[in-house]
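1. Dropping the sequence and predicted coords here.
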Amino acid sequence: MLSRRKLLKRFSGLPLVGGFVAGSGLPNQAAAEDEEETKVARDYFGELGVRPIINAAGAYTTMTASLMPEEVLDAHRQTAGEYVSLNGLHDAVGKKIAELVGCEAAMVTAGAASAMTLATAGVLTGLDEDKAKRIPVDLRGMRNEVIVQKSHVVGYTHAIINCGVKLVVVESERELIKAINRKTAMLYSTDAHNLDGAVQHERFVEIGKEYGIPTFNDAAAGIPPRENLWKFTKMGYDLVAISGGKAIRGPQSAGLLLGKKDLVAAARFNGPPTSDRIGRGMKVNKEEMVAMWIAVERFLEIDYEKEYESWKMQIDWLKDQFASIDGLNTESVIPQSPNTVPTLVLTFEKGAFSKSGFEVNKALLDGDPAVAVARPREDGFNVTTWMLQPERLGTVALRVKEELLKAKV
Ligand SMILES: *Cc1c(COP(=O)(O)O)cnc(C)c1O
């Protein structure tokens, strides 16, 4: 009997690939079907009318952020065929990840934002079932304030107020300390804005310890550098959130919560699979859990310096490709934080281009193939290659150059 896949293919009018007996030039149906089964991938995006994007922008959730490496895909695929105890698996995977990154405890969450909600919930409820059932609507008997420095308030802090707590926004160290009271549940910080606040990592952690309040660091986009996987828990942060599907290239719908054993346990208590919990909708199944573990393992094993160096070479090569364009300034930089990866900053000189960076960005996205660049602005945009399939580098050079030349006055 024909498989559904073969049937669909037969009627899709797609040409068979590799369906010829070598040398004879004659079609061989049996060989064709075998090959078809193993080699010809069904074009899911094509069938859906969705165009793939060549990603010269970076790890952006809106375009699915990163690509899982083979080892991670294997783990995902191979674990899909058996049932296991989800909680038992989570215990085991959490233990492995905690060992790998050298922290007390770890759990796989449905992304870093999920880690933020679950961690906050855990801090409020501990292992108290009645409390866990009442958040976010009834916080009686719980601390209900989370202190954050103004420069650290970003869209993602919504993940914290999901728990029904109030954000207490402060600016100076004096204000921070003055804001601590019996209602303070947690001190929250965003790694990407560490340098923007009056109180920075070490001091922030110190204040938390002094007053006995758990400290949290959202380091979702804090990697690379790789050592940030252990730096913040070692520094003394009680809880750290990291995105699984950005630099680590785990499943896009996964993340990590790292930290103190009791706090991670309390976060898990508020998550799936228990139904009457704030985090029940933040489900992570076995494939993502195992794939996340393997992604971390791989990330720690690869020669990251070499990978980093290859991005640097790609950026320098791209810079050369655009060097001849009049009125275009090209600069190869490594931003401080976040996304500390080799980046090409393209800046239009005044009056040299008829289009804005926004318009060139749109032309690239609307073009064929679609190419995405980063941080479009009035007078330019950026290019990175750390999330780009290396074989697409030439296309990026070609398309970006084409659109830049079209936009020249
Ligand atoms: C990406 C990001 C998040 C969310 O991470 P997910 O894994 O997509 O949930 C949170 N905070 C910051 C600063 C981020 O960059």
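-> Yep, it's here.

2. which parts of the lengthiest helix in the chain are buried?
-> Identified as the longest helix of the chain according to DSSP state H is helix 304-322. Under the neighbour-count criterion of 16 or more other C-beta atoms under 10 Å, helix 304-322 has 308, 311, 314-315, 318-319, 321-322 buried. From N, CA and C alone the C-beta is placed, and that goes for glycine too.

3. could I have it exported to CSV, CA atoms only?
-> Backbone C-alpha positions of helix 304-322 (Å, rounded to 0.1, in the frame of the first residue of the first chain) are rendered in CSV as follows:
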residue,chain,number,x,y,z
TYR,A,304,32.9,27.9,20.4
GLU,A,305,36.0,30.0,19.8
LYS,A,306,36.2,28.5,16.3
GLU,A,307,32.6,29.1,15.6
TYR,A,308,32.9,32.7,16.8
GLU,A,309,36.0,33.2,14.6
SER,A,310,34.0,31.9,11.6
TRP,A,311,31.3,34.5,12.2
LYS,A,312,34.0,37.1,12.4
MET,A,313,35.4,36.0,9.1
GLN,A,314,32.0,36.0,7.5
ILE,A,315,31.3,39.5,8.7
ASP,A,316,34.7,40.7,7.5
TRP,A,317,34.0,39.1,4.1
LEU,A,318,30.6,40.7,3.9
LYS,A,319,32.1,44.1,4.8
ASP,A,320,34.5,43.7,1.8
GLN,A,321,31.6,42.9,-0.5
PHE,A,322,29.9,46.3,0.3
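
4. helices or strands next to it in the packing?
-> strand 328-333, strand 343-348, strand 380-384, helix 393-406 (3 or more C-beta pairs under 8 Å, 6 or more residues apart in numbering; DSSP states H and E).

5. Figure out how far the shortest one is from the centre of its chain.
-> The one in question is strand 380-384. 19 Å (C-alpha atoms, centre = their mean, to the nearest Å).

6. Pull out the CA atoms of that strand and give them to me as PDB.
-> Provided in PDB are the C-alpha atoms of strand 380-384 (Å, rounded to 0.1, in the frame of the first residue of the first chain):
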ATOM      1  CA  GLY A 380      21.000  51.900   7.900                       C
ATOM      2  CA  PHE A 381      20.800  48.400   9.400                       C
ATOM      3  CA  ASN A 382      22.900  45.600  10.800                       C
ATOM      4  CA  VAL A 383      23.900  42.200   9.500                       C
ATOM      5  CA  THR A 384      24.900  39.100  11.600                       C
END
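
7. and for that strand, what are the contacting residues?
-> Residues outside strand 380-384 that contact it (C-beta atoms under 8 Å, 6 or more residues apart in numbering): 56-58, 311, 315, 318, 329, 339, 341-348, 357, 360-361, 373-375, 396, 400.

8. Around E301, how many other residues sit close by?
-> Burial measure for E301: 10 neighbouring residues, criterion other C-beta atoms under 10 Å.

9. Return the per-residue confidence for it.
-> Note for E301: predicted pLDDT of 97.

10. Isn't L405 up against G327?
-> No: at 11.2 Å, L405 does not count as touching G327 under the criterion of C-beta atoms under 8 Å.

11. So which residues on the stretch 301-409 of the chain come close to the ligand?
-> When proximity is defined as C-beta under 6 Å from any ligand atom, the stretch 301-409 of the chain does not approach the ligand at any residue.

12. how many other residues sit next to the closest residue to the ligand within the stretch 301-409 of the chain?
-> Closest to the ligand within the stretch 301-409 of the chain is P338: 6.1 Å, counting by C-beta to the nearest ligand atom. Using other C-beta under 10 Å, P338 is surrounded by 21 other residues.
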